[in-house]
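# Coordinates for the following, if possible.
(one chain, ligands or ions: 1)
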Amino acid sequence: MTSFSTSPGTRDILPPDAGRWRAFQGIFEEVAATYGYRYLIPPMFEDLGVFLRLGEATDVVTKEMYDFEDKGGRRVALRPEQTASVCRAYAQHRPVPPWKVWYAGPNFRYEKPQQGRYRQFDQVGVELLGPCDPDADAEVIALAWEFYRRLGLRQITLSVNTLGDEGDLQRYTTVLQAYLESRVDELSEESRVTLTRNPLRVLDSKRPADAAVVAGAPRIVDQVGDAARSHFEGVLSVLGSLGVPYAVEDRLVRGLDYYRHTTFEFSSSALDAAHVAVGGGGRYDGLVEALGGPPTPGVGFALGLDRTLLACDAEACFPAPDPSVEVFIVDTTGGREATLLADELRKSRRSVDRAYEQRSMKSQMKLADRSGARIAIIVGTDEVAAGTIVLRSMETGEQRTVVRSEVVSEVASLLGGVA
Ligand code: AMP
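Alright, predicted model coming up:
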C-alpha cells in the first residue's frame, strides 16, 4: 500500500507542540495589543507581481518563490512573507493612517531544508504604516524586545543599522560595487555571481572565503546624509531611553530589497550559527507606493516562530502548556454514567476526559493518571444505586463519597472556581 509522509521542509506540528505554537501567538497578540496593534489576515497567495516588489534580485524572489499559474491563467505565488501583502492591503483599502496591524501565520520559501530552515515556516509580525518618525521605529523594536522578554528569552541580541534614504543607498551601492570589483578575485564563486546582480547582498555572505573582503568593505554610515543620520540617531536615542540594548552593526543589510533607513535583526546567542537570526525588520518607505498606493512610510518586523521556539528550547524557557484535563471519569458500569457526568461538568466549563470501550477499572485508573487530571470521579454499580459518586484526589489518593447531584459544586470545592 502507498504511504505518505510530509513533503521536504514541512512538518506536522503535533500536540503538545502545537499548543505551544498557539500560546506563542497568544502572547504575541497580548503584547501587540498593548502597543495598539490590531489583527490582520492577509491571503496565503497573491498576484506574483506583489512579491516581485520585494526585489527582483533577491533570493526570495529569484530562487525561492512558490509561484504557479492557476486554472484561470493568473500568475500567483504563495506568500514568502507578509509585509508586501500588508502594504498591498493598505494600497487597496486606504485605511486612515497611522495603521497598526499584526499578523501570524505560515509563509513559503523553496529553501534547502535543515534545522531551523523550512519551506513552510511561521512568522508573527507587525507593520506600522503612516508615520515616518524615529519614535515609530523604536516602538516597533521595543515591542519585539518586550515579546522576547515575555517568552523568557534572555540571550537575544539586537543589531541595528541605517541604510540611509533612497539617494544614500544608491550612492553606497555604487561605492560598494567599485570596491567589490576591485577585490573580485578574492571573492567566493557565489559572491561573484551575487555581485553582478546585487552588490549589497555580498555583505550578507557568511562564507569564510568572503570574510576578509566583507570586513574591509566601505561602511554605509559614511554615505548617509544628514536627514537619515538624524533619523537614525533619534531611533538609537529612544532605544536608549527605553532601556533596549542594541549594537550598531554597520554591515547589516537584510534579505529583502525594500528596506530604507532603519534595519534591525534579532539573534539568539543560544543557537548554532546556521540559524541564529530569530527575527528582523526595518523601515520600508516606498513599498506602499510601489504597490500602487499613496506615498506612505512604513516600519515593521517579522519574527520566525519555528526558530524562536528553538531558542526557547536552548534557553529552557516557554514550555508547551500543560495539556492535562481537570477531571477524569472512571465508570465501571458501561460508560453511560461517564457520558452524563462529563456532559454536566463540561457545561460548567470543566475540562473532563473519560475512558471508552468499557475498560477494566485498573486500565481506566491508568488512563486517569496519564490524563494529568487532579480529580478522578469513580462510579460503579453501588454508587449508581445510591445516587453517589466517589471523588478521588489524584495528588493525595484521598477519596470521599458525595451526592451525585452535587458534582459541579463538589468539584469546584476541590479545584476552585465557580460551582
Ligand atoms: P525575513 O522575512 O527573511 O526577514 O525573516 C525573518 C525571520 O523569519 C528570520 O529571522 C527567521 O527567524 C525566520 N525565517 C525566515 N526564513 C525562514 C525559513 N525558511 N525557515 C524558518 N524560519 C525562517
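
# neighbours around the single nearest residue of the stretch 301-419 of the chain relative to the ligand, how many?
Using Cβ to the nearest ligand atom, the closest approach of the stretch 301-419 of the chain to the ligand is made by G304 at 2.2 Å. Glycine gets a C-beta too; all of them are placed from N, C-alpha and C. Using other Cβ atoms under 10 Å, G304 is surrounded by 24 other residues.

# List the buried residues for stretch 46-60?
For stretch 46-60, burial by neighbour count (16 or more other Cβ atoms under 10 Å) applies to E46, L48, V50, F51, L52, R53, L54, G55, T58, D59, V60.

# Identify the residues contacting L236.
V160, Y246, V248 (Cβ atoms under 8 Å, 6 or more residues apart in numbering).

# Which elements pack onto the helix or strand of the chain with the lowest mean pLDDT?
The helix or strand of the chain with the lowest confidence, counting by mean pLDDT, DSSP states H and E, is helix 59-62 at a mean of 86. Applying 3 or more Cβ pairs under 8 Å, 6 or more residues apart in numbering; DSSP states H and E, one finds that helix 59-62 contacts helix 48-52.

# what residues does the helix it packs on touch?
60-61, 65, 67, 75-77, 79-80, 84-85, 88, 291.

# Buried ones from those residues, can you make that a PyMOL selection?
To isolate the buried members of these in PyMOL, using 16+ other Cβ under 10 Å:
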select buried, resi 60+61+65+67+76+77+79+80+84+85+88+291
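
# Out of the contacts of helix 48-52, the closest to I329 would be?
Using Cβ to Cβ, the shortest approach to I329 within the contacts of helix 48-52 belongs to R79, at 45.1 Å.

# Might you report the residue contacts of the closest one?
Contacts of R79 by Cβ under 8 Å, 6+ apart are P42, P43, M44, F45, E46, F51, S85, N107, F108.

# secondary structure class for whatever residue of the stretch 51-200 of the chain ends up closest to the ligand?
Nearest to the ligand in the stretch 51-200 of the chain, going by Cβ to the nearest ligand atom, is F121, at a distance of 3.4 Å. Secondary structure, DSSP: H, G, I helix; E, B strand; the rest coil: F121 is strand.

# Excluding chain neighbours, what is closest to it?
Take F121 and drop its neighbours on the chain: the residue closest to it by Cβ to Cβ, 6 or more residues apart in numbering is D306, 5.1 Å away.

# Can you confirm whether the helix or strand harbouring R20 lies near the ligand?
Secondary structure assigned from DSSP states H and E places R20 in helix 17-34. No. Judged by Cβ under 6 Å from any ligand atom, helix 17-34 makes no contact with the ligand; its nearest approach is 12.8 Å.

# Count the residues that sit near T401.
13.

# and G164, how far is that from S230?
11 Å (Cβ to Cβ, to the nearest Å).

# Who has more neighbours out of those two?
Shown here are G164 and S230; by other Cβ under 10 Å, G164 has more neighbours (23 against 11).

# which SS state does the more buried one fall under?
coil.

# And A178, by the same measure?
Once three-state DSSP is applied, A178 turns out helix.

# near the ligand, which residues of the stretch 101-250 of the chain show up?
R109, E111, G116, R117, Y118, F121, Q123.

# Lowest-confidence member of these, which is it?
Ranked by pLDDT, those bottom out at G116, which scores 92.

# Good, we can wrap up now.
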